[in-house]
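Participant: Could you work out the structure for the sequence below:
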Amino acid sequence: MLATRKKILLHLHASPIPVSGGATRRLLGYLEYFKNRKSDLTVDVISHIPFNSSDWNIEQQQAVREFVDRLHLYQGTALDHLYARSKSIYYQKLLKQLIPIDSDTATPPGYLRFAQHLMQKHSYDIVLINYLSFARLATTSNIEHTKTLIDIHDIASQNRLALKNIGFRKHLKLDYAEDFAKEVDVLKQLDGVIANSKKELSDLAPYLSADKLCLVPHLVEDAGAIARLTPYAQRSFVYDLLFVGSGQHAPNVEGINFFLAEIFPKIVYYKPDVKLAIAGTVSDFSQFDLSLTNNIDLLGYIDDLSTVYSQSRTAICPLLNGAGTKVKLQEAMVYALPIITTTVGASGLSLLNNINAIITDEPEDYAKQILRLLDHPELANRLSDAITTTFQTDYSNQAVYTKLDQLFGITSQFKVSV
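Facilitator: Sure, this is the predicted structure:
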């Protein structure tokens, strides 16, 4: 007799298709996993179309339905919008502070009622929420025998602290200790907390029980691309350096412009023919001296990055701020690219300086290490081999699917459909 498939409700904060950054790539990874586990799990998706928004068009809905059993979309109303807007004005305009970290602005009453009705109707075994700001979808459900999980993506209070001097936030008060305490209180209300980096796991470990915490790295492997991949030492490179990022993420903009102003000119001085590719919407925000124009290709958004990764000699990640795992570096691992990053960029990943990556924060040394890597192919080959081993051990589909199987109680042997 066949075992009954477990029923999962997966919350998506936005459509993951097309992939527009690390967060949506992580969501797509979940969808790919659930599609691969259809014999064990039945999966519904819940999401929210904000009032007067173009989110979740017909093509996006059809794309997501290819992965799961059902898609449930809540259409936000004018009242929802006014509810969230009034709170934003009250805190940010009148009190001059960030909206409380445990606020319900992302989950207005109408959306909560929609989610609660869905959970009562279908009696899911597991509800998986993405992001702290949507935790109320699970914590207010009160559905017996339903296990509630949250993928935090980042520790929200740490992310706020990292971004406090960027954009509108620089004028608003922030109390990190209070934020972190409230965040922990919310997480304690859920049955399980998923972190995507070892650092987040260690930061939360003193406050949450060990059986509640789970490390699940991003799913980034493209089995087809890997199968076609030429070994690093045999590749013909078009670009010496590659930076990938979304322009919607302020640390990406800050990081690449820091690199272009403080580091790249030093490299060009010693290597006038060096070529840098900047991929993703961060290209639109990149600022550099016109004398560097011939050394930089602004590629913009690319739907499939496999070609540019395989044509690049080195991946850079010169981030100065930000929390969470840098998915761009996991993607670079897929293609066995030597990595040069900062401490912030390496945070939470299995990267060790001069073992499987180069990690440095000082501009002069960053430029020096890039030149060293470009001038010594044997060093690049060694780092490429080392990062391949790291990827296979910690970040491959086999490694991550095994963790997810344990999380969802799947006992069948590892399997991945290509």
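
Participant: next structured bit after the longest strand along the chain?
Facilitator: As assigned by DSSP state E, the longest strand anywhere in the chain is strand 41-49. Counting by DSSP states H and E, the element after strand 41-49 in chain order, helix or strand, is helix 58-65.

Participant: which residues touch residue 245?
Facilitator: 21, 252-253, 255-256, 279-282, 328 (Cβ atoms under 8 Å, 6 or more residues apart in numbering). Every C-beta, even on glycine, is put in place using the N, C-alpha and C of the backbone.

Participant: try 7 Å
Facilitator: Residue 245 makes contact with 252, 256, 280, 282, 328 under the criterion Cβ atoms under 7 Å, 6 or more residues apart in numbering.

Participant: Phi and psi next, for it.
Facilitator: phi -180, psi 160 (degrees, to the nearest 10).

Participant: ok, the closest residue to it other than its chain neighbours - how many residues close by?
Facilitator: Among residues not flanking residue 245 along the chain, residue 252 sits closest, at 3.4 Å (Cβ to Cβ, 6 or more residues apart in numbering). Residue 252 has 28 neighbours, counted by other Cβ atoms under 10 Å.

Participant: Now residue 252: which helix or strand?
Facilitator: Assessed by DSSP H and E, residue 252 sits inside helix 250-258.

Participant: Can you list the neighbours in contact with that helix?
Facilitator: By Cβ under 7 Å, 6+ apart, the list of residues contacting helix 250-258 reads 163, 166-167, 243, 245-247, 278, 282, 285-287, 318-322.

Participant: Show the buried residues in those residues.
Facilitator: 163, 243, 245-247, 278, 282, 285-286, 318-319, 321-322 (16 or more other Cβ atoms under 10 Å).

Participant: Can you name the two of these that sit furthest apart?
Facilitator: Spatial extent of those (Cβ to Cβ) is set by the pair 163 and 278 at 21.4 Å.

Participant: counting contacts, what elements does the helix or strand just after the helix holding residue 252 pack onto?
Facilitator: Note on helix 250-258: by DSSP H and E, the next helix or strand toward the C-terminus is helix 264-270. Helix 264-270 sits against helix 363-375, with contacts defined as 3 or more Cβ pairs under 7 Å, 6 or more residues apart in numbering; DSSP states H and E.

Participant: how about low-confidence regions in the chain?
Facilitator: Counting by pLDDT under 70, the ranges of the chain that qualify are 1-3, 223-225, 227, 322-325, 412-418.

Participant: Show me how it divides into domains.
Facilitator: Taking automatic domain parsing as the criterion, the chain consists of the domains 6-219+398-408, 223-395.

Participant: Can you tell me which helices and strands the longest strand of the chain packs against?
Facilitator: Going by 3+ Cβ pairs under 7 Å, 6+ apart, strand 41-49 lies up against strand 6-11, strand 70-75, helix 109-122.

Participant: Ok, which of the ones you listed comes nearest residue 333?
Facilitator: Nearest of those (Cβ to Cβ): strand 6-11, 25.8 Å.

Participant: Just checking: what are the partner strands of that closest one?
Facilitator: Strand 6-11 sits in its sheet next to strand 41-49 (parallel), strand 126-130 (parallel), going by DSSP bridges.

Participant: ranges for the strands of this protein?
Facilitator: Under DSSP E, the chain gives strands at 6-11, 41-49, 70-75, 126-130, 147-151, 192-195, 213-215, 239-244, 276-279, 296-300, 312-317, 339-341, 358-359.

Participant: Distance to residue 370 for the ones you listed - can I get that in CSV?
Facilitator: Shown next, in CSV, are these (distance: least, Cβ to Cβ, whole Å):
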stretch, distance to residue 370
strand 6-11, 41
strand 41-49, 41
strand 70-75, 45
strand 126-130, 35
strand 147-151, 34
strand 192-195, 31
strand 213-215, 31
strand 239-244, 7
strand 276-279, 10
strand 296-300, 15
strand 312-317, 7
strand 339-341, 6
strand 358-359, 8
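
Participant: quick one: which of the ones you listed is nearest residue 29?
Facilitator: Of all those, strand 147-151 comes closest under Cβ to Cβ, at 10.5 Å.

Participant: Other residues contacting that closest one?
Facilitator: Taking Cβ under 7 Å, 6+ apart as the rule, strand 147-151 contacts 125-130, 135, 138, 187, 190-194.

Participant: Report the two of these separated the most.
Facilitator: 125 and 187 (20.6 Å).

Participant: Show me which of these two is the more surrounded one.
Facilitator: Between residue 125 and residue 187, residue 187 has the larger neighbour count (other Cβ under 10 Å), namely 22 against 18.

Participant: do you know how far the more buried one is from residue 374?
Facilitator: 44 Å (Cβ to Cβ, to the nearest Å).

Participant: Just the buried ones among the contacts of helix 250-258: which are in helices?
Facilitator: If you go by DSSP state H, those have nothing in helices.

Participant: Distance to residue 72 added to those residues, as CSV?
Facilitator: Converted to CSV, these look like this (distance: Cβ to Cβ, whole Å):
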residue, distance to residue 72
163, 32
243, 38
245, 32
246, 27
247, 31
278, 38
282, 33
285, 35
286, 39
318, 41
319, 36
321, 36
322, 32
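
Participant: what sits against the closest residue to residue 308 other than its chain neighbours?
Facilitator: Beyond its immediate neighbours in the sequence, the residue positioned closest to residue 308 (Cβ to Cβ, 6+ apart) is residue 279, lying 5.6 Å away. Residues near residue 279 by Cβ under 7 Å, 6+ apart: 242, 244, 299, 302, 305, 308.

Participant: Just the buried ones out of those, please.
Facilitator: Buried among these (16+ other Cβ under 10 Å): 242, 244, 299, 305, 308.

Participant: Could you export those residues as JSON lines, including distance to residue 9?
Facilitator: What follows is these, written out as JSON lines (distance: Cβ to Cβ, whole Å):
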{"residue": "242", "distance to residue 9": "38"}
{"residue": "244", "distance to residue 9": "32"}
{"residue": "299", "distance to residue 9": "38"}
{"residue": "305", "distance to residue 9": "31"}
{"residue": "308", "distance to residue 9": "36"}
